[in-house]
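Participant: build the 3D model from these lines:
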Amino acid sequence: MTQMSVSADGDAESQQVWPQQQQQHVELQPGASKHQTAEFFLWTFKIEQCRADYPHNWSLCPYVHPNEKARRRDPRLFEYEPLPCPDDKKGTTCPRGEHCNYTHNIYEYWCHPKRFRTQVCQLGGACNRPICFFAHTAQVTGKRVGLLLPPLLLGSVVDGHSFSA
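Facilitator: Next up is the predicted model:
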């Protein structure tokens, strides 16, 4: 099977993808799966390219698609704070683009390691949202996220939460 993709500089590329290399396509649904773990949301959700070669609902797909506005920058590669970009708030295009120190969409904001699951979901255990950025018990806020943080964030305090191993 041939897969078309767009490189970082905007050029179209095609590559041979063998069936065993294909990513299993999954749509987010309530219930536990590897696609709903904290680690997946922090480091893969709307960062990794979708490899599905058929039409599907992008809003339910956890992977990013060409020209999708929900695309996130990988927080391991880009340094930015989980705060809205002032230019985006004004409705203008951010002149700093990928090098901006702030978030450009709701997924960058809520899936940032300093913010993800640091607040308890108001629905708690009754939550059935396909995508929920909040902790469902008080025990998973802060410290649980801290276990998944890159070493440079361990030991820091963010929004009153201490991140330790």
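Participant: okay, now the closest residue to Tyr80 other than its chain neighbours: neighbour count?
Facilitator: In space, and not counting its chain neighbours, Tyr80 is closest to Asn101: 5.2 Å by C-beta to C-beta, 6 or more residues apart in numbering. Using the backbone N, CA and C atoms, a C-beta is placed for each residue, glycine as well. Asn101: 11 surrounding residues under other C-beta atoms under 10 Å.
Participant: let me know the helix or strand that Asn101 is in.
Facilitator: Using DSSP states H and E, Asn101 maps to neither a helix nor a strand.
Participant: ok, now which ones touch it?
Facilitator: Glu79, Tyr80, Glu81 (C-beta atoms under 8 Å, 6 or more residues apart in numbering).
Participant: of these, closest to Leu60?
Facilitator: Set against Leu60, the nearest of the contacts of Asn101 by C-beta to C-beta is Tyr80 (26.0 Å).
Participant: quick one: contacts for that closest one?
Facilitator: Taking C-beta under 8 Å, 6+ apart, one finds Arg73, Cys100, Asn101, Tyr102, Thr103, Glu108, His112 in contact with Tyr80.
Participant: do you know how far Phe78 is from His112?
Facilitator: 11 Å (C-beta to C-beta, to the nearest Å).
Participant: of these two, who's got more company?
Facilitator: His112 (21 against 13).
Participant: so where's this structure uncertain?
Facilitator: 1-35, 139-165 (pLDDT under 70).
Participant: in it, which spans are strands?
Facilitator: 2-6, 12-16, 157-158, 161-162 (DSSP state E).
Participant: tabulate the contacts of Asn101 in JSON lines, adding columns for distance to Ile47.
Facilitator: Formatted as JSON lines, these follow (distance: C-beta to C-beta, whole Å):
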{"residue": "Glu79", "distance to Ile47": "15"}
{"residue": "Tyr80", "distance to Ile47": "13"}
{"residue": "Glu81", "distance to Ile47": "17"}
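Participant: list just the nearest of these to Pro66.
Facilitator: Using C-beta to C-beta, the contacts of Asn101 come closest to Pro66 at Tyr80, 22.2 Å.
Participant: and the closest one, how close does it get to Gly125?
Facilitator: Per C-beta to C-beta, Tyr80 is found 32 Å from Gly125.
Participant: neighbours around the nearest residue to Gln119 once chain neighbours are set aside, how many?
Facilitator: Counting by C-beta to C-beta, 6+ apart, Phe134 is the residue found nearest to Gln119 once chain neighbours are left out, at 5.4 Å. Phe134 has 18 neighbours, counted by other C-beta under 10 Å.
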